[in-house]
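[1] sharing a sequence plus its predicted fold:
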Amino acid sequence: MEGKWPGVAQKILAVDDDPKILKILQHTLRKEGFEVSTAASGEEALQKVGQAPPDLVILDIMMPGMDGYETFQRLKAQHEMPVIILSARSDEVDRVVGFRMGVDDYQTKPFSPTELALRVKAILRRVGEPEERGKSVLKFGDLTMDYSKRLVLHKNNKIELTPKEFEVLWLMASNPNKVFSKTHLLDKVWDSAYYGDDNTVTVHIRRIREKLEENPSNPLYVKTVWGIGYKFEY
């Protein structure tokens, strides 16, 4: 698979303390044309990202020493990149925690290597879309969004959004006044029916309003269309 420039393979970092899992990920993703490096711990992952930031990270949660959640937070502090979580735990609480932190996808073990490769492609395709369309900055009065920098400014104040919150807001702001159902937002932003749980969208919309809107109960930008979904109004 080509990266941002023709002939350049996109780089994946797989992080897991199980060498068998790493071998499976390497084999599957290399067959799909990715350049794959591996790390057996959170500490090693941070070191490799510092040396050569990848286009996407696949990160195990249950690791000795620095666990996946701490590793995720420290990775995000270094570089902005999509992250897919791998976990042997399938509890809804774990998934919710992950998504609230801003992970891009959550896969439970055992997983299908082929499906995971498809999810990787979908996320990288989505991340690349705005720049490929030549549209990376949106302005609406006092609100400015810069996709390449993942930056949101409102009245010159920086709004701190998680990666998923940014994706939801960007998708709607790129299509002002278009109504998005919760199912549509799940499909576009999470690239999966996982979830079939539209409460994920409700939580993200609420958090976006709390951070962006001066009066979240009477929002200026992110409006509810009762019985249908949400829209960005301007």
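    Thanks, I have the structure now.
[2] so for this structure, which residue is the most central one in space?
    Ranked by distance to the mean C-alpha position of the chain (Cα atoms, centre = their mean), the top residue is D104 at 2.9 Å.
[3] tell me the spacing between that one and Y221.
    23 Å (Cβ to Cβ, to the nearest Å). In this view, the C-beta of every residue, glycine as well, is placed from N, C-alpha and C.
[4] quick one: contacts for the residue nearest to the centre of the chain?
    The contact partners of D104, by Cβ atoms under 8 Å, 6 or more residues apart in numbering, come to 82-84, 123, 163-164.
[5] nearest residue to it other than its sequence neighbours?
    Leaving aside its chain neighbours, D104 sits nearest to P82 (4.3 Å; criterion: Cβ to Cβ, 6 or more residues apart in numbering).
[6] that neighbour contacts V127, doesn't it?
    Yes. At 5.8 Å, P82 and V127 qualify as touching, with contact defined as Cβ atoms under 8 Å.
[7] what about E70, distance to L186?
    Taking Cβ to Cβ as the measure, E70 falls 28 Å from L186.
[8] could you do L118 as well?
    To L186, L118 is 16 Å away according to Cβ to Cβ.
[9] neighbour count for the two, which is higher?
    Neighbour count, other Cβ atoms under 10 Å: between L118 and L186, L186 has more, with 20 against 14.
[10] surely the more buried one touches T200?
    Yes. Between L186 and T200 there is a contact at 6.7 Å, judged by Cβ under 8 Å.
[11] could you list the domains of this structure?
    Using automatic domain parsing, the domain ranges for the chain come out as 11-131, 135-232.
[12] which of the three states applies to S37?
    Secondary structure for S37, judged by DSSP: H, G, I helix; E, B strand; the rest coil, is strand.
[13] that one: what's it in contact with?
    By Cβ under 8 Å, 6+ apart, the neighbours of S37 are 11-14, 48, 52, 54.
[14] what about K121, how many neighbours?
    K121, neighbours per other Cβ under 10 Å, totals 18.
[15] wait, doesn't it sit right on E32?
    Yes. Contact status for K121 versus E32: in contact at 7.2 Å, counting by Cβ under 8 Å.
[16] against V83, how distant is R209?
    Distance, R209 to V83, using Cβ to Cβ: 25 Å.
[17] could you point out the helix or strand that follows the longest helix along the chain?
    Secondary structure of the chain read by DSSP state H shows that its longest helix is helix 113-132. Once helix 113-132 ends, the next helix or strand along the chain (criterion: DSSP states H and E) is strand 137-140.
[18] mind listing what's buried along that next one?
    L138 (16 or more other Cβ atoms under 10 Å).
[19] same check on stretch 161-175?
    161-174.
[20] now render those as JSON lines, adding distance to Y234.
    Output for the buried residues of stretch 161-175, formatted as JSON lines (distance: Cβ to Cβ, whole Å):
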{"residue": "L161", "distance to Y234": "18"}
{"residue": "T162", "distance to Y234": "23"}
{"residue": "P163", "distance to Y234": "23"}
{"residue": "K164", "distance to Y234": "22"}
{"residue": "E165", "distance to Y234": "18"}
{"residue": "F166", "distance to Y234": "17"}
{"residue": "E167", "distance to Y234": "19"}
{"residue": "V168", "distance to Y234": "16"}
{"residue": "L169", "distance to Y234": "12"}
{"residue": "W170", "distance to Y234": "14"}
{"residue": "L171", "distance to Y234": "14"}
{"residue": "M172", "distance to Y234": "10"}
{"residue": "A173", "distance to Y234": "8"}
{"residue": "S174", "distance to Y234": "12"}
